[in-house]
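Colleague: predicted model and sequence follow; I will ask about them next.
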Amino acid sequence: MGPAGAALGEKGHRMCGIGVSGEAGRLSAAEIAAITTGLRSLPEPWSLFPSVGCEGEVTLMATPAWADEAGSGEDWAVLMQGAPGGIRLLLSAGEALDEIGVAPGPEAAIRLAREAARRHRAGLERPGGCRAA
């Protein structure tokens, strides 16, 4: 098992044939650890679920705890993958998959994830539950 696989432990999940992006790079063990530590240190709790693709690439799925309390009935998460130039973030909400951006490192990825979650929550709170653009 490689360093990234060791970082996943028993919570890792294989996603063969369900790749979120054919361009997904590899998050390093250090990036995975920094993102995990960073999300756990936030004032609002986040859940973090790692998925491992057939080639060993890791996608982290992060969701703030309040997402379950929002009552929207919509499953959603911020996805983080290794990418050229940093960490690629996507918002997966229902059947939609929207690009958030590429962060140069774990701290920036956490900031982008929090901002995307905040915007998504604001969209859920609008009358009719429309997602924020």
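Modeller: All right, it came through fine.

Colleague: show me the beta-bridge partners of the residue nearest to residue 27 when sequence neighbours are not counted.
Modeller: Leaving aside its sequence neighbours, residue 27 sits nearest to residue 82 (Cβ to Cβ, 6 or more residues apart in numbering; 4.3 Å). Where C-beta positions appear, they are placed from N, C-alpha and C, glycine not excepted. Per DSSP bridges, the residues bridged to residue 82 are residue 87.

Colleague: show the pLDDT at residue 34.
Modeller: Model confidence at residue 34, given as pLDDT, is 97.

Colleague: for it, grab the count of nearby residues.
Modeller: Number of residues near residue 34 (other Cβ atoms under 10 Å) recorded here: 18.

Colleague: ok, now which ones touch the residue nearest to it when sequence neighbours are not counted?
Modeller: Excluding its sequence neighbours, the residue lying closest to residue 34 (Cβ to Cβ, 6+ apart) is residue 106, at 3.7 Å. Going by Cβ atoms under 8 Å, 6 or more residues apart in numbering, residue 106 touches 31, 34-35, 38, 87.

Colleague: list phi and psi for residue 106.
Modeller: When quoted as degrees, to the nearest 10, the phi and psi of residue 106 stand at phi -60, psi -40.

Colleague: where do the helices sit along this structure?
Modeller: 3-8, 29-40, 66-69, 106-125 (DSSP state H).

Colleague: isn't residue 108 up against residue 86?
Modeller: Yes: between residue 108 and residue 86 a contact is recorded at 7.4 Å, counting by Cβ atoms under 8 Å.

Colleague: so what's residue 44 up against?
Modeller: 64-66.

Colleague: looking at the residues you listed, spot the one nearest residue 120.
Modeller: Closest to residue 120 out of the contacts of residue 44 is residue 64 (9.5 Å), distances taken as Cβ to Cβ.

Colleague: that closest one: neighbour count?
Modeller: When neighbours are counted by other Cβ under 10 Å, residue 64 comes out with 22.

Colleague: could you measure from it over to residue 39?
Modeller: Separation of residue 64 from residue 39 (Cβ to Cβ, to the nearest Å): 9 Å.

Colleague: check residue 83 too.
Modeller: Taking Cβ to Cβ, one finds residue 83 at 19 Å from residue 39.
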